[in-house]
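Peer 1: Fold the following, please.
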Amino acid sequence: GFFVEAHVKLRPVDVAVEGIFLCGLSHYPKYFHESIAQAQAAAGRAATILSKKFLEVGGAIAEVDPEKCVACLTCGRVCPYYVPIINVEGVAQIDPAACQGCGICTAECPVRAISLRHYLDEQIIPKVESLLAGVV
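Peer 2: This is a model prediction of the structure:
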């Protein structure tokens, strides 16, 4: 019933979702002094984000074509970060700041309404064909 850190040694107060940190008893039962030290570490990590005027997101993020989306909720069910939502227009919407670029929603979309920026079929297929040209 406790939360798990992203990496035990490299990111001990971070969770898999960017911008969320844990400390104290949310992690596991620990002594008071250890909880205080972990709380200070979490506050320090949060301060690094809050001190910036702008946040830059990664280049690989999922985008939804609203013309193709049928709001089947497949993307929302398969996303490990729970990013896709159905907006008021009745189509899926993906927050670029929250998207981790894993591409699971892109692969699972039954109508191919979601694409991963910088990883389009028009970009990947020629690369694969050129690699296979020397093999076949």
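Peer 1: so what's the residue nearest the centre of the chain up against?
Peer 2: By C-alpha atoms, centre = their mean, the chain has its centre lying nearest to Gln100, at 2.4 Å. By C-beta atoms under 8 Å, 6 or more residues apart in numbering, the residues touching Gln100 are Val17, Glu18, Gly58, Tyr81, Val83. C-beta here means a position set from N, CA and C on the backbone, and glycine is covered the same way.
Peer 1: Including secondary structure, could these go into CSV?
Peer 2: Formatted as CSV, the contacts of Gln100 follow (DSSP: H, G, I helix; E, B strand; the rest coil):
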residue, secondary structure
Val17, coil
Glu18, coil
Gly58, coil
Tyr81, coil
Val83, coil
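Peer 1: Please report how far the residue nearest to the centre of the chain lies from Gly19.
Peer 2: 11 Å (C-beta to C-beta, to the nearest Å).
Peer 1: need the helices for the chain, in chain order.
Peer 2: 32-50, 74-78, 104-108, 121-133 (DSSP state H).
Peer 1: As a markdown table, those with mean pLDDT would be great.
Peer 2: Below are these laid out as a markdown table (pLDDT from 0 to 100):
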| stretch | mean pLDDT |
| --- | --- |
| helix 32-50 | 94 |
| helix 74-78 | 94 |
| helix 104-108 | 94 |
| helix 121-133 | 87 |
